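Engineer: Generate a structure from the sequence data that follows.
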Amino acid sequence: MIQLFFKCIRWLATLGIMLWFVVLPMMPVYGLLSPWPQAQQKLKEDGITGLALMSGASSQTERGFDSSGEYWRDEKQRSYVVVPDSFHRLEIFTYSELKGSGIAGVEKQVLRRQSLILLLAFWIFAALFTVWQVRRWSAKEQLLRIHE
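Structural biologist: Numbers count the residues shown, from 1 in each chain. This is a model prediction of the structure:
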C-alpha cells in the first residue's frame with residue numbers, strides 16, 4: 001500500500017513538472033490578452049518600464065469574525081518579468097492590490113524580488129527533466145515493440 005502511495009506521488013510530481021514547463025511560457029500570452037491596467041500604471045509610476053510579461057498570478061479572499069465583528073480581506077497579485085528592466089536588475093516585479101474591511105480604499109504596491117535567475121533555473125531544470133522523461137518513455141515503447 002505504501003509502495004503504491006509513493007508511486008502515485010512520483011507520477012504526480014513527474015506530470016506536475018512537465019505541465020509547469022509547458023504552462024509557464026503560456027502565462028505571458030494570457031497576461032497580454034487579459035491585461036491589468038492598474039498594474040501597468042503602477043509599474044510605470046515606480047519607474048519600471050518595458051514589456052511586462054506575466055509570470056504568475058494569485059488571489060486570496062478571506063472572510064471571518066473576530067472580537068470587533070465581521071471582517072473581510074481580498075488580495076490579488078500578478079508577477080511580471082519586465083523586459084528589459086528585469087534582466088538589468090535580475091528582479092521579478094509583483095503588483096499587489098489589497099482591499100479589506102480595515103483598509104480605507106485600495107492598497108497598491110509593487111514588490112521586487114530578486115528571483116529571476118531562480119525562476120529561469122527551475123524552468124531550465126523542468127525542460128531538461130521533461131526531455132529526459134519523454135526520451136525514457138519513448139525508449140521503453142521502442143523496447144516493447146521490439147519484443148512483440
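
Engineer: Which parts of this protein are helices?
Structural biologist: Here the chain has its helices, by DSSP state H, at 2-23, 27-33, 37-45, 85-89, 116-147.

Engineer: can you list contacts of the second one?
Structural biologist: Residues lying outside helix 27-33 but in contact with it, judged by C-beta atoms under 8 Å, 6 or more residues apart in numbering, are 52-57, 78, 80-81. (Each C-beta comes from the backbone N, C-alpha and C, glycine too.)

Engineer: Please write out the alpha-carbon positions of it in CSV.
Structural biologist: Output of helix 27-33 as CSV, limited to C-alpha atoms (Å, rounded to 0.1, in the frame of the first residue of the first chain):
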residue,chain,number,x,y,z
MET,A,27,1.4,32.8,-18.9
PRO,A,28,2.6,35.9,-20.7
VAL,A,29,0.2,35.2,-23.5
TYR,A,30,-2.7,35.2,-21.0
GLY,A,31,-1.3,38.4,-19.5
LEU,A,32,-1.1,40.1,-22.9
LEU,A,33,-4.7,39.0,-23.8
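
Engineer: any idea how far the residue nearest in space to the middle of the chain lies from Arg136?
Structural biologist: For the chain, the residue nearest the mean C-alpha position is Gly56 (3.2 Å; C-alpha atoms, centre = their mean). Computed as C-beta to C-beta, to the nearest Å, the Gly56 to Arg136 distance reads 29 Å.

Engineer: follow-up on the earlier one: I'd like to know which of the helices of the chain is closest to Gly100.
Structural biologist: Gly100 lies closest to helix 37-45 among these, at 16.8 Å (C-beta to C-beta).

Engineer: Fine, thanks again, bye for now.
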